[in-house]
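> generate coordinates for the sequence data below:
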Amino acid sequence: MPPPMESSTEGKPESSSRGQNSGQVTMEHVLLALGETAEERELRIRSLFNFFDASNDGYLDYLEIESGLRALQIPAEYKYARDLLQVCDANSDGRVDYHEFKRYMDDKELELYCIFQAIDVEHSGCILPEELWDALVAV
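Next comes the predicted model:
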């Protein structure tokens, strides 16, 4: 399992406008929502990459991704390892380097932030049961 990340409030961006964004969503919005600094986020993503990189060679191959997902108790039959490799491997060399992995994580966290904001219509920073229900019914 990935090592737990230590957290501190020192140096974190203020979140006075949490949940209220106008215009383009940026990684700054994600950092505010997560309560992380850019450095803490980088450490979290690097730690996750290193968790998967069993050979410690700076690359993730299919077997390492599958093994890491299995360690996280995600069954192989879901085929996430193959999908993750296919989506992350931007240069099609059959493996994922840290920059490819980080780009994928950036895209996913931005996507999840946008989904959260779409459901959190009251911009409370929490998804209320009614908001979740409304979002699920609207689909």
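
> which helices and strands does the helix or strand hosting Leu110 pack with?
Using DSSP states H and E, Leu110 sits within helix 98-119. Under the contact criterion of 3 or more CB pairs under 8 Å, 6 or more residues apart in numbering; DSSP states H and E, helix 98-119 touches helix 27-34, helix 38-52, helix 80-88, helix 129-138. C-beta coordinates here come from the backbone N, C-alpha and C atoms, glycine included.

> burial count for Leu128?
Leu128 sits with 13 neighbouring residues when counted by other CB atoms under 10 Å.

> surely it meets Glu122?
Yes - the pair Leu128 and Glu122 passes the contact test of CB atoms under 8 Å, sitting 6.8 Å apart.

> quick revisit: looking at the helices and strands packed on helix 98-119, which is nearest to Glu109?
Nearest to Glu109, of all those, is helix 27-34, at 5.0 Å by CB to CB.

> buried residues in the closest one?
When burial is assessed from 16 or more other CB atoms under 10 Å, helix 27-34 yields the following buried residues: His29, Val30, Leu31, Leu32, Ala33, Leu34.

> low-confidence ranges, this structure, go.
Residue ranges of the chain with pLDDT under 70: 1-22.

> try 80
Counting by pLDDT under 80, the ranges of the chain that qualify are 1-23, 76, 139.

> export the helices and strands packed on helix 98-119 to JSON lines and tack on distance to Ser67?
Converted to JSON lines, the helices and strands packed on helix 98-119 look like this (distance: least, CB to CB, whole Å):
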{"stretch": "helix 27-34", "distance to Ser67": "27"}
{"stretch": "helix 38-52", "distance to Ser67": "8"}
{"stretch": "helix 80-88", "distance to Ser67": "9"}
{"stretch": "helix 129-138", "distance to Ser67": "34"}
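
> quick one, which of these gets closest to Ala71.
Nearest of the helices and strands packed on helix 98-119 to Ala71, taken as CB to CB: helix 38-52 at 7.9 Å.

> so how far is the closest one off the chain centroid?
10 Å (CA atoms, centre = their mean, to the nearest Å).
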